[in-house]
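K.L.:
I'd like to go over a predicted model; first the sequence, then the structure.
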Amino acid sequence: MAAQTQTTRRPQTRASLTRDLAGLGVASGDTLVVHSSLKSLGWVCGAEQTAVHALLDAVGRTGTVVVPTQTMDNTDPSGWRNPPVPEDWWPTIRAQTPAFDPRITPSARMGRIAEAVRTWPGAVRSPHPQTSFAAVGARAGELMDHHPLDCRLGEDSPLARLERADARILLLGTGFDTCTALHLAEYRVPRPTTEESSCAVLTADGDRTWTTFTDVAPDSHDFPRLGSDLEARGGVVRGRVGEAAARLFSLPDAVAFATSWLTGHRAR
């Protein structure tokens, strides 16, 4: 703990983080999609609990905080690369991976702030076994209500409803490579690439089954370059929240820009 305090300019608190969020432009009533790195904030008194309180304070009682709670470990092990697993393990993984349950399946790779939102009192989580979102706030229920298996991040996912809700995106110590909303644009380019994906799901009667579906293949390899061009065009507010470099921008605007950008750049 002592070493951590030496590398930070000041301890971050609920009040200081809320003040920084307001200074960046987060406003009462916002629907805010947050991608975050807790450690980027500096030393936070209360860690992720304080960070979530600050986000909820910033959007107020009429606002909503949304986070990605993806569970991409619930995929076919034949495609795992980081790290791969032995081929003779694959049948066991397919047979024994627990079915996705939005109430209890953790989102371990999304960061401590996202996991805190997922488990927050009143949180609502969308039911997709790979690309779920969780939300807390006034519009959580309507935004998370529906998320079919064969539409991970497309027109029938929470992302499209967030677009219609005029949501804003907050990158809190993270880059455009984490910006899940840009995947919505991949569904709108001509002839999007599709793939088969498999996962463990709960059946209607509560049993577990391994199932395969076809959907657009997500690919974020060029999102940093896309985001740089989006910033250069204007409309991205940059600032500091705690010690984190933060970006705030319109989700609908980013998706519209990304659709045009991907159509041109990936076609070449």
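P.N.:
Cool, the structure landed. Residues are numbered from 1 along each chain as shown.
K.L.:
SS state for G23?
P.N.:
helix (DSSP: H, G, I helix; E, B strand; the rest coil).
K.L.:
any idea how far the nearest residue to it once chain neighbours are set aside lies from A204?
P.N.:
Using Cβ to Cβ, 6 or more residues apart in numbering and skipping the chain neighbours, the partner closest in space to G23 is G239 (6.5 Å). C-beta coordinates here come from the backbone N, C-alpha and C atoms, glycine included. According to Cβ to Cβ, to the nearest Å, G239 and A204 sit 47 Å apart.
K.L.:
higher neighbour count, those two?
P.N.:
Counted by other Cβ atoms under 10 Å, G239 and A204 do not tie: G239 has more neighbours, with 14 against 5.
K.L.:
what about that one, distance to S132?
P.N.:
Relative to S132, and taking Cβ to Cβ, G239 is found at 29 Å.
K.L.:
Same check on T64?
P.N.:
Using Cβ to Cβ, one obtains 16 Å as the distance from T64 to S132.
K.L.:
just checking, what packs against the longest helix along the chain?
P.N.:
When the chain is parsed with DSSP state H, its longest helix is helix 251-267. Under the contact definition 3 or more Cβ pairs under 8 Å, 6 or more residues apart in numbering; DSSP states H and E, helix 251-267 sits against helix 158-164, strand 168-172, helix 182-186, helix 223-233.
K.L.:
What residues of that helix count as buried?
P.N.:
For helix 251-267, the neighbour count (16 or more other Cβ atoms under 10 Å) marks L251, P252, D253, A254, V255, F257, A258, T259, W261, L262 as buried.
K.L.:
who touches the fourth one in this structure?
P.N.:
Contacts of A254 were listed using Cβ atoms under 8 Å, 6 or more residues apart in numbering, and they are I169, C179, A181, L182, L230.
K.L.:
hang on, isn't A135 packed against E142?
P.N.:
No: the pair A135 / E142 is not scored as a contact, 9.4 Å apart, by Cβ atoms under 8 Å.
K.L.:
Which residue of those two possesses the greater neighbour count?
P.N.:
More crowded of A135 and E142, by other Cβ under 10 Å: A135, with 29 against 14.
K.L.:
so what's that one bridging to?
P.N.:
Beta bridges link A135 to V66, V124 when assigned by DSSP bridges.
K.L.:
For it, list the residues it contacts.
P.N.:
Contacts for A135 (Cβ under 8 Å, 6+ apart) come out as T64, V65, V66, V67, V117, A123, V124, R125, L143, M144, P158.
K.L.:
Phi, psi for the nearest residue to the fourth one once chain neighbours are set aside please.
P.N.:
If you skip the residues right next to it in sequence, V67 has A114 as its closest partner in space, 4.0 Å away by Cβ to Cβ, 6+ apart. With angles defined as degrees, to the nearest 10, A114 shows backbone torsions of phi -60, psi -40.
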